[in-house]
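>>> Following is a predicted model, sequence given first.
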Amino acid sequence: MLKMNLLILRHILNKITIIGSITIISLNSCTSFTSRPVLPIKQKSIEYEKMVEDQKVCRGKGTLLSKGTVSGKLSFYFTCTGEEVYIHFKDLLGRKTMLMILKPNSVEAWDIIQNIRFSTESIYLRFPFFEFVTPQDLISIFWGYEPQFQIDNKIEKESSIHITFSSNELTLDALHITMDSEKQTIDIIFDEREYGSSYPHLIKSIPSSIPQAQS
């Protein structure tokens, strides 16, 4: 099981034509879905901006499940502080395996197991879905809001990446990404989200001494 977990993490950070898949086993009966190839609109909703301004911080936990060539499960805890999100992933033994930091125009990751860091540029190269979902969109998702998208007809026809959201009556509770060409999907499921509270110990920078991953 541990070997499988490390393989999943390596795949997520180093290979990326395969990303993983998740099956949401049960959803609230009032869950709603939207599914289409998408192109982000660089515009935030007034409701989202007011939430961030009023609450200042948000925290929660969730699960990343994958299925396909690589299958498995990782848990994560996160803290949103305004326009920044700090995410710590853990394996089945409860060990921290990865730290990811989202900012409006950047995303960085530290693979704690291999002790290497990934810059925004290297992550973009490894994760094809960043063609569609920007770091700002992910920040919105962790706050519990579905990003505003517009459909681009050309991308809709040519893209092999599809994005699905699900939500309960209050907030977004899952993100599902399907990569048709690789027969892989990944689900990020939010099990808990608490507004007005944070996990202060999650808020940290990636040490500058950590070596960069090779592009």
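Received the coordinates, thanks.
>>> Tell me which stretches of this protein form helices.
Here the chain has its helices, by DSSP state H, at 2-14, 46-55, 120-126, 135-143, 153-158.
>>> okay, and the helix or strand of this protein with the least pLDDT?
Of all helical and strand segments in the chain, the minimum by mean pLDDT, DSSP states H and E falls on strand 32-36, at a mean of 34.
>>> hang on, the earlier thing: any idea which of the helices of the chain scores lowest on pLDDT?
The weakest mean pLDDT among the helices of the chain belongs to helix 2-14, with a mean of 41.
>>> For burial, what's the neighbour tally of the nearest residue to Tyr195 once chain neighbours are set aside?
Spatial nearest neighbour of Tyr195, chain neighbours left out: Gln55 (4.5 Å); criterion: CB to CB, 6 or more residues apart in numbering. Where C-beta positions appear, they are placed from N, C-alpha and C, glycine not excepted. Other residues near Gln55 come to 15 when the count uses other CB atoms under 10 Å.
>>> now do Asp187
22.
>>> thought it was touching Leu175?
Yes: with contact defined as CB atoms under 8 Å, Asp187 counts as touching Leu175 (7.1 Å).
>>> low pLDDT regions in the chain?
1-44, 70, 128-129, 149-159, 181-182, 215 (pLDDT under 70).
>>> Try it again at 80.
Residues of the chain that meet the criterion pLDDT under 80 lie in 1-46, 68-71, 126-132, 148-161, 169, 179-184, 214-215.
>>> can you give me the strands for it?
With DSSP state E as the criterion, the chain has strands at 32-36, 39-40, 57-67, 72-81, 84-90, 96-103, 106-111, 116-118, 149-150, 161-167, 172-179, 184-195.
>>> Of all those strands, which one is nearest Ser205?
Nearest of the strands of the chain to Ser205, taken as CB to CB: strand 96-103 at 7.6 Å.
>>> What strands flank that closest one, and is each parallel or antiparallel?
Counting by DSSP bridges, the strands paired with strand 96-103 are strand 84-90 (antiparallel), strand 106-111 (antiparallel).
>>> Helix 135-143 and the shortest one, what's the angle between them?
Relative orientation of strand 106-111 and helix 135-143, computed by axes from the mean of the first three to the mean of the last three CA atoms, to 10 degrees: 70 degrees.
>>> Name the residues that touch strand 106-111?
Applying CB atoms under 8 Å, 6 or more residues apart in numbering, the external contacts of strand 106-111 come out as 9-10, 13, 97-101, 116-120, 123, 130, 135, 138, 206-207, 210, 213.
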